[in-house]
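Enquirer: model this:
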Amino acid sequence: MKLNELPPRQADRKQAKRVARGIGCGTGKTAGRGVKGQKARAGGYHKVGFEGGQMPLQRRLPKAGFKNPFRKEYITVSVGDLEVFEANAEVRLEDMRKHGLIRKKMGDGLKLLADGELTKPLQIHVLKASKSAVAKVEAAGGKVHLTDVVNG
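Expert: Numbering: from 1, shown residues only. This next block holds a predicted model:
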C-alpha cells in the first residue's frame, strides 16, 4: 500500500458543522455564541492576560532582576580534558570538537580553565584562559596562544 492509496480516516470524513444557517441546522440564530455579551459580538474578545479591568497579574507582580543583552557566554574546556591530544600538538576549537570535548554549537569564544592536570606540552589556541590554566600548561612545557578570532 502506498501513501496516496490510504483511505481517509473516519474522523476526516465527517463534515464540519455549518453554523448560522437557520433554526433547522441546530446552530442557527445565535450560531452557538450564546445571547449578547462581548463574546457574542464580531471581533469581541480580549487580549491574553486581560482580567476584566482588574490590574493584570503581570503588572501586579514586582519586577526583579536584570538580563544583560551584551553578556558573553564562553565555551569552557578544562586543562585535564586536553590529555587526549598527542604531545606538541596544535590544539584549536575544531580539534577539540573532533575529540568530543565541546558539544555546544555556538558561544562567544573558547575559555581554558585549570581543572585537572596536563602532562604533555601542547600549543593551545583559545580566546581566553585563566592564569592558573596558563601556569599549568606552561609547567607541562606547552604554550597558550590567546587569539582574537572568536571561534578559532
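
Enquirer: quick one: the strands in this structure?
Expert: Taking DSSP state E, the strands of the chain run over residues 75-78, 90-91, 110-113, 123-126, 128-129, 143-146.

Enquirer: Adjacent strands (with direction) for the first one?
Expert: Spelled out, it's strand 75-78. Strand pairing for strand 75-78, determined by DSSP bridges: strand 110-113 (parallel).

Enquirer: next one: the strand it pairs with to chain centre, how far?
Expert: Offset of strand 110-113 from its chain centre (Cα atoms, centre = their mean, to the nearest Å): 22 Å.

Enquirer: separation between residue 132 and residue 112?
Expert: Using Cβ to Cβ, to the nearest Å, one gets 10 Å for the distance from residue 132 to residue 112. Where C-beta positions appear, they are placed from N, C-alpha and C, glycine not excepted.

Enquirer: List the beta-bridge partners for residue 75.
Expert: Residues in beta-bridge contact with residue 75 (DSSP bridges): residue 110.

Enquirer: Would you check that it makes contact with residue 102?
Expert: Yes - the criterion here is Cβ atoms under 8 Å, and residue 75 meets it with residue 102 at 5.7 Å.

Enquirer: quick revisit: the more surrounded of residue 132 and residue 112?
Expert: residue 112 (27 against 13; other Cβ atoms under 10 Å).
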